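Peer 1: show me the folded form of this:
(one chain, ligands or ions: 2)
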Amino acid sequence: MQAWLLHKPAAVETRPLSLEQVPVPTPDEHEVLVRVTACGICRTDLHVVEGELPPRKSPVTPGHQVVGVIEKSGRDAGKYKRGTRVGIPWLHKTCGQCLYCRTGLENLCDSPEFTGYTNDGGFAEYTVAHEDFVYPLPGGFGDLQAAPLLCAGIIGFRCLRRSGIAAGGNLGIYGFGSAGHVCIQVAKHLGANVFVCTREEKHRRLATELGAVWVGSTVDEPPEKLDASIVFAPAGEIVPPALAALRKGGTLILGGIHMSPIPSFDYDLLYQERSITSVANNTRGDGKDFLRIAAEIPIHTEAQIFPFERANEALIALKHDGIRGAAVLQF
Ligand SMILES: [Zn+2]
Ligand SMILES: [Zn+2]
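Peer 2: Numbering: from 1, shown residues only. Ligands and ions are numbered 1, 2, ... in the order given. Predicted structure coming up:
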């Protein structure tokens, strides 16, 4: 099969992924072999490819928003029939035994595995995953539309849950790429008023089209105080202005896996019981609940399609804010 391999992290402009011929993987007893039909591209892929996340497997095939069909199941894997359409997310596997796994916080597992990072992912014609960690995908979404739901969508959903936002509340979204454009649709479904701060003009236009009540740059002050905000942009300098825009008792959620250093700020910005929390990965419960709600709404994902052969170019476009909505590799 053909697979994109990363041998050594480097700037995406140097096209560090190489397309190679490798054997089709064999599923172990609890795994399924999935023929990939689409794979979303996430900012985390960029962090893996450029080395902001330290290498855990080399070479590795990136990609953790995998949509495909089950071709074959391992000896003890019997949940799904051949031909079932499934999604494979970032959370590849957890230990099931640590404190976190035992207390409903498997997203914080002490020895987790991640698709496209510790294990080969979906920038390939085939991939394998444990059957307990794949999601059957609801109908109503094509493969290309479903792919961005599997990380951008699920992580955004966990951020929303952690924000505590409710009907009638004011929610800020900082950075409006793949996760932001899905998150706004869920937030509006919950009845929140959404204020979007983003630096790119085309992202502002998309936010307006998707029903933001106000759209500005990342340093503009929204016209009303916000009950909660989610920062999807990996830029630490957004934190102080985002705190300044919160009402007393408000919550700031940092949704990225990597962020540039946060500048120091006056305690006044945090005082009055404002809080800052990060969101790490997701539980399988988040994934299941989100996919159900996504089908109910239904979420419309704006997918910018790249042919499989153009994985490096897609990463370059993502790095330079060249994507409207979500980037997806098509097979
Ligand atoms: Zn664990
Ligand atoms: Zn991701």
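
Peer 1: now do the helices in the protein.
Peer 2: Ranges of helices within the chain are 43-50, 99-102, 143-146, 152-163, 178-189, 201-209, 239-244, 284-296, 311-319, based on DSSP state H.

Peer 1: show the average pLDDT along the third one.
Peer 2: Across helix 143-146, the average pLDDT comes to 95.

Peer 1: repeat that for the fourth one.
Peer 2: Predicted confidence along helix 152-163 averages 96 (mean pLDDT).

Peer 1: quick one: contacts for Cys101?
Peer 2: Taking Cβ atoms under 8 Å, 6 or more residues apart in numbering as the definition of contact, the neighbours of Cys101 are Thr94, Cys95, Cys109. Every C-beta, even on glycine, is put in place using the N, C-alpha and C of the backbone.

Peer 1: out of those, who has the most neighbours?
Peer 2: The member of those surrounded by the most neighbours (other Cβ atoms under 10 Å) is Thr94, with 24 neighbours in all.

Peer 1: and the closest residue to Gly156 other than its chain neighbours, how far is that from Tyr126?
Peer 2: If the residues on either side of it in the chain are set aside, Gly156 comes closest to Cys183, at 3.6 Å by Cβ to Cβ, 6 or more residues apart in numbering. In this structure, Cys183 and Tyr126 are separated by 31 Å, where distance is defined by Cβ to Cβ, to the nearest Å.

Peer 1: who has more neighbours out of these two?
Peer 2: Cys183 (28 against 21).

Peer 1: hmm, Gly175 and that one touching each other?
Peer 2: No. Cys183 lies out of contact with Gly175 (Cβ atoms under 8 Å); the separation is 10.1 Å.

Peer 1: now the common contact residues for those two.
Peer 2: Residues touching both Cys183 and Gly175 (Cβ under 8 Å, 6+ apart) are Phe232.

Peer 1: return the set of buried residues in the top strand by length along the chain.
Peer 2: If you go by DSSP state E, the chain has its longest strand at strand 31-41. Of the residues in strand 31-41, those scored as buried under the neighbour-count criterion (16 or more other Cβ atoms under 10 Å) are Glu31, Val32, Leu33, Val34, Arg35, Val36, Thr37, Ala38, Cys39, Gly40, Ile41.

Peer 1: how about the last one: what's its closest non-neighbour residue?
Peer 2: Spatially, and ignoring its direct neighbours in sequence, Ile41 is nearest to Ala327 (4.1 Å; Cβ to Cβ, 6+ apart).

Peer 1: was I right about the one you found contacting Ala317?
Peer 2: Yes. The pair Ala327 and Ala317 qualifies as a contact (Cβ under 8 Å) at a distance of 6.6 Å.

Peer 1: Leu108 versus Gly125, what's the distance?
Peer 2: Small correction: residue 125 is Glu, not Gly. Taking Cβ to Cβ, one finds Glu125 at 33 Å from Leu108.

Peer 1: what sits against Glu13?
Peer 2: Neighbour list for Glu13: Ile316 [criterion: Cβ under 8 Å, 6+ apart].

Peer 1: from ligand 2, how far off is it?
Peer 2: Shown here: Glu13 relative to ligand 2, a distance of 21 Å by Cβ to the ion, to the nearest Å.

Peer 1: for ligand 1, which of the helices of the chain is the nearest?
Peer 2: Distances from ligand 1 to each of those were compared using Cβ to the ion; the minimum, 3.4 Å, belongs to helix 99-102.

Peer 1: tell me which residues of that closest one are tucked away?
Peer 2: With burial defined by 16+ other Cβ under 10 Å, the residues of helix 99-102 counted as buried are Tyr100, Cys101.

Peer 1: can you check the pLDDT for the closest residue to His203 other than its chain neighbours?
Peer 2: Beyond its immediate neighbours in the sequence, the residue positioned closest to His203 (Cβ to Cβ, 6+ apart) is Phe176, lying 4.1 Å away. Per-residue pLDDT puts Phe176 at 94.

Peer 1: what does the one 5 residues further on give?
Peer 2: Here, the pLDDT recorded for His181 equals 94.

Peer 1: excluding residues flanking it in the chain, which one is nearest it?
Peer 2: What sits nearest to His181 in space, not counting adjacent residues and going by Cβ to Cβ, 6+ apart, is Gly325, at 5.2 Å.

Peer 1: hmm, Ala303 and the one you found touching each other?
Peer 2: Yes. Counting by Cβ under 8 Å, Gly325 sits close enough to Ala303 to count as a contact (6.1 Å).

Peer 1: on that earlier part again, just put the buried residues of strand 31-41 in CSV and tack on pLDDT and distance to ligand 2.
Peer 2: Supplementary listing: these in CSV, determined by pLDDT from 0 to 100; distance: Cβ to the ion, whole Å:
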residue, pLDDT, distance to ligand 2
Glu31, 98, 21
Val32, 98, 21
Leu33, 98, 22
Val34, 98, 17
Arg35, 98, 21
Val36, 98, 16
Thr37, 98, 18
Ala38, 98, 15
Cys39, 98, 11
Gly40, 97, 8
Ile41, 96, 9
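
Peer 1: closest one of these to ligand 1?
Peer 2: Of all these, the one sitting nearest ligand 1 is Glu31; the distance, using Cβ to the ion, is 18.5 Å.
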